[in-house]
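A.B. asks: Pasting the sequence and the predicted model now:
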Amino acid sequence: MEIPEQDVAHMARAVELAGRGHGSTTPNPVVGCVVLDAAGQVAGEGYHAYAGGPHAEVVALAQAGERARGGTAYVTLEPCDHTGRTGPCSRALLDAGVARVVIAVSDPNPTAAGGAARLRAHGVSVTTGVLTEAAERVNEEWLTFMRLGRSHVTWKFAATLDGRSAAEDGTSKWITSPEARADVHRMRAASDAIVAGIGTVLADDPRLTARPGGEKPARAPVRVVVDPDARTPATARVLDDEAPTLIAVADDVDTGLKADLLRLPRHDAGLDLRALLAELAARQLVSVFLEGGPALAGSFVKEGLVDRVVAYVAPALLGSGKAALGAAGVGTIGELHRLRFDDVTVIGPDVRLTARPVHPSTPRETRPAGPQPGREQ
């Protein structure tokens, strides 16, 4: 059935509004809402700005006031039907007298789902599946978190035009421009955790912090070092007080390292990365920004645990040196990890390429341990 142009246009606006919540709603989703009056004119708009704050529907309904009665609400995620720190949005829509609700994506969280059914039971017309792909894309981190029971992973790397991330002598500062590096800090700040391997820590002693605009963000991402044998030096900068840090070590390692340790099973001479992402999800870290060396990146790719790739490519050539990606389980050309480009953006003299796997990970039945995040806990 063809979707009316009006529904597409207003839901597109709701998706745009939802995107404004990126980086501040964890462990809740980003959600946008547009409310029309009975005459079809926009009466209110809103988005979920931060965890614990009012939901998108509540913000939009407050702006619309009495004009919402008899009108239509466009919501990117099914209105919640449970009481957490705030009341159910399904009830707020009913109390406002909205006659029709258009939903892009059904809520996969069993704790919060059911809003569409409640609205229908009270005589509200409900339309679902409008701009689903766009609404899922803007909320991909949280949907991965809920559907797969693990954190969403963005692998970022910087490289020359011939795919080198460092010169033969190991130097890599700076392949890309200040503009590209500033963009990386913006993406770091919008993530819940920044992950790197012990090789990167030993070679570069990075801080793994986010400073968009040169300033420390209000919410510092958790730094995670994948360090099976607990080789992180006590003097490493990732152990300073700039941000919280987790050191992921093998569960059979005996160490006196003074740090917050996350013990995991060994797997393929490293750590069980699926277990790592499940543990991070249990700590309500929805989005992971994977940085560091090619070996760790290759392991994540091999396991099918990279949900998005962001590559910063500089117009420069090395001809030799370290490749951006290490062994990723490909022995023949037919085993290539295929991706699809979603965005190409020029940043300063460089190009930022964004791509996602053609065949994303298959949902598992397992979910994070502990309370299930919904629209609110």
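C.D. replies: Received, thanks. Numbers count the residues shown, from 1 in each chain.

A.B. asks: burial of the residue lying closest to Ala236 once chain neighbours are set aside, as a residue count?
C.D. replies: Nearest non-adjacent residue to Ala236, counting by CB to CB, 6 or more residues apart in numbering: Val201, 5.7 Å away. Where you see a C-beta, it was placed from the backbone N, CA and C, and this is true even at glycine. Here the number of neighbours of Val201 (other CB atoms under 10 Å) works out to 25.

A.B. asks: Begin at 10, not 1, for the rest of this chat.
C.D. replies: Yep, numbering from 10; the last one is Val210 now.

A.B. asks: and the strand or helix carrying Thr209, which residues are buried?
C.D. replies: Element membership of Thr209, judged by DSSP states H and E, is helix 207-213. Residues of helix 207-213 classed as buried: Ile207, Gly208, Thr209, Val210, Asp213 (neighbour count, 16 or more other CB atoms under 10 Å).

A.B. asks: Then stretch 237-256?
C.D. replies: 237, 239-241, 245-248, 251-252, 254-256.

A.B. asks: Alpha carbons of the host helix or strand of Ala101, in CSV - could you do that?
C.D. replies: Remark: Ala101 resides in helix 98-105, with elements defined by DSSP H and E. Extracted in CSV, the C-alpha atoms of helix 98-105 (Å, rounded to 0.1, in the frame of the first residue of the first chain):
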residue,chain,number,x,y,z
CYS,A,98,3.5,7.9,26.4
SER,A,99,0.5,5.9,25.3
ARG,A,100,-1.5,7.4,28.2
ALA,A,101,-0.2,10.9,27.4
LEU,A,102,-1.5,10.6,23.8
LEU,A,103,-4.8,9.3,25.0
ASP,A,104,-5.2,12.1,27.5
ALA,A,105,-4.3,14.6,24.8
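
A.B. asks: Counting neighbours, which bits of it end up buried?
C.D. replies: Residues of helix 98-105 classed as buried by neighbour count (16+ other CB under 10 Å): Cys98, Ser99, Arg100, Ala101, Leu102, Leu103, Ala105.

A.B. asks: Dump these to JSON lines, plus pLDDT and distance to Glu25.
C.D. replies: As requested, these are arranged in JSON lines below (pLDDT from 0 to 100; distance: CB to CB, whole Å):
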{"residue": "Cys98", "pLDDT": "93", "distance to Glu25": "19"}
{"residue": "Ser99", "pLDDT": "94", "distance to Glu25": "24"}
{"residue": "Arg100", "pLDDT": "94", "distance to Glu25": "26"}
{"residue": "Ala101", "pLDDT": "95", "distance to Glu25": "22"}
{"residue": "Leu102", "pLDDT": "96", "distance to Glu25": "21"}
{"residue": "Leu103", "pLDDT": "96", "distance to Glu25": "26"}
{"residue": "Ala105", "pLDDT": "96", "distance to Glu25": "22"}
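
A.B. asks: Out of those residues, the closest to Tyr321 would be?
C.D. replies: Compare each of these with Tyr321 using CB to CB and the shortest gap goes to Cys98, at 38.7 Å.

A.B. asks: quick one: contacts of the lengthiest helix in the chain?
C.D. replies: Once the chain is assigned using DSSP state H, the helix that runs over the most residues is helix 14-27. Residues from elsewhere that reach helix 14-27, judged by CB atoms under 8 Å, 6 or more residues apart in numbering: 39-43, 45, 49, 51, 54-57, 65, 81, 83-85, 111, 113, 136, 139-140, 143-144, 147-148.

A.B. asks: shaky segments in the stretch 110-259 of the chain?
C.D. replies: For the stretch 110-259 of the chain, residues meeting the criterion pLDDT under 70 lie at 223-224, 226-227.

A.B. asks: repeat that with 80
C.D. replies: Per-residue confidence for the stretch 110-259 of the chain (pLDDT under 80) gives these ranges: 179-181, 221-228.

A.B. asks: So which residues of it form helices?
C.D. replies: Counting by DSSP state H, counting those that start in this stretch, the stretch 110-259 of the chain has helices at residues 124-130, 141-147, 149-157, 187-198, 207-213.
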